[in-house]
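>>> predicted structure and sequence below. I'll ask about it afterward.
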Amino acid sequence: MRLAGPGSSVTAEPRARKYKCGLPQPCPEEHLAFRMVSGAANVIGPKICLEDKMLMSGVKDNVGRGLNIALVNGVSGELIEARAFDMWAGDVNDLLKFIRPLHEGTLVFVASYDDPATKMNEETRKLFGELGSRNAKELAFRDSWVFVGAKGVQNKSPFEQHVKNSKHTNKYEGWPEALEMEGCIPRRSPAS
């Protein structure tokens with residue numbers, strides 16, 4: 001059987017090797033690989049991947065309008081809990097009950113979908129700020145936001161992206177573009 005005709009050559013393109021969660025390079029020892037994508041408009045739900053495990057996605061049917069949050073043990077990298085909080089029509093107290101009692105070192109992965117901010121109050125914004133967010137204080141209706149923070153961080157998180165909802169720059173009618181963020185998060189060392 002001939003695959004190529006006379007005079008043509010078939011060359012296999014070298015395929016880029018993908019690492020955990022599709023990262024272009026492996027993470028260093030004692031780091032957790034992650035990739036997350038905010039929702040696109042109100043059509044495509046967000047995704048949160050950690051160490052090659054999909055924590056939240058439309059396929060897993062555990063995402064929803066508002067803030068999609070996965071809590072992860074910062075030492076083991078194991079998922080503690082994943083929930084979606086409707087920030088348009090939901091009760092902000094459900095979100096507060098979820099993030100107030102976090103233990104020191106808990107990693108918090110947040111991906112917005114549709115509207116992350118309408119029900120946000122000062123306490124919610126302050127709590128996200130304490131987890132390392134720079135942008136929670138200014139989040140507004142239909143902004144796109146992805147963020148990884150942790151309980152007990154001393155500085156602002158390097159893992160945060162935010163795009164304002166603006167009719168002049170929106171990619172979709174009424175919504176900004178989806179955000180994608182990936183990286184390597186250092187594991188916390190177990191308390192000695």
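Perfect, I can see it now. Numbering: from 1, shown residues only.
>>> mind listing what's buried along stretch 59-70?
Neighbour counts using 16 or more other C-beta atoms under 10 Å place 62-70 of stretch 59-70 among the buried residues. In short, each C-beta sits where N, CA and C put it, glycine included.
>>> most widely separated two among these?
Using C-beta to C-beta, these span at most 16.5 Å, a distance reached by R65 and A70.
>>> sitting in helices, which of the buried residues of stretch 59-70 do you find?
Assigned to helices by DSSP state H, none of those qualify.
>>> which of these lies closest to I99?
For those, the nearest to I99 is I69 (7.5 Å; C-beta to C-beta).
>>> tell me if I'm right that the closest one and D94 touch.
No. I69 lies out of contact with D94 (C-beta atoms under 8 Å); the separation is 11.0 Å.
>>> identify the contacts common to the two.
Counting by C-beta atoms under 8 Å, 6 or more residues apart in numbering, the residues touching both I69 and D94 are F85.
>>> what number of residues lie near the residue lying closest to P28 once chain neighbours are set aside?
In space, and not counting its chain neighbours, P28 is closest to C184: 6.4 Å by C-beta to C-beta, 6 or more residues apart in numbering. Neighbours of C184 under the rule other C-beta atoms under 10 Å: 18.
>>> same deal with E78?
Going by other C-beta under 10 Å, the residues that sit close to E78 add up to 11.
>>> kindly report the same for W145.
Other residues close to W145 by other C-beta under 10 Å number 25.
>>> could you do the one 4 residues further on as well?
Look at G149: counted by other C-beta under 10 Å, it has 25 neighbours.
>>> so where's this protein uncertain?
1-17, 41-42, 165-166, 169-176, 191-192 (pLDDT under 70).
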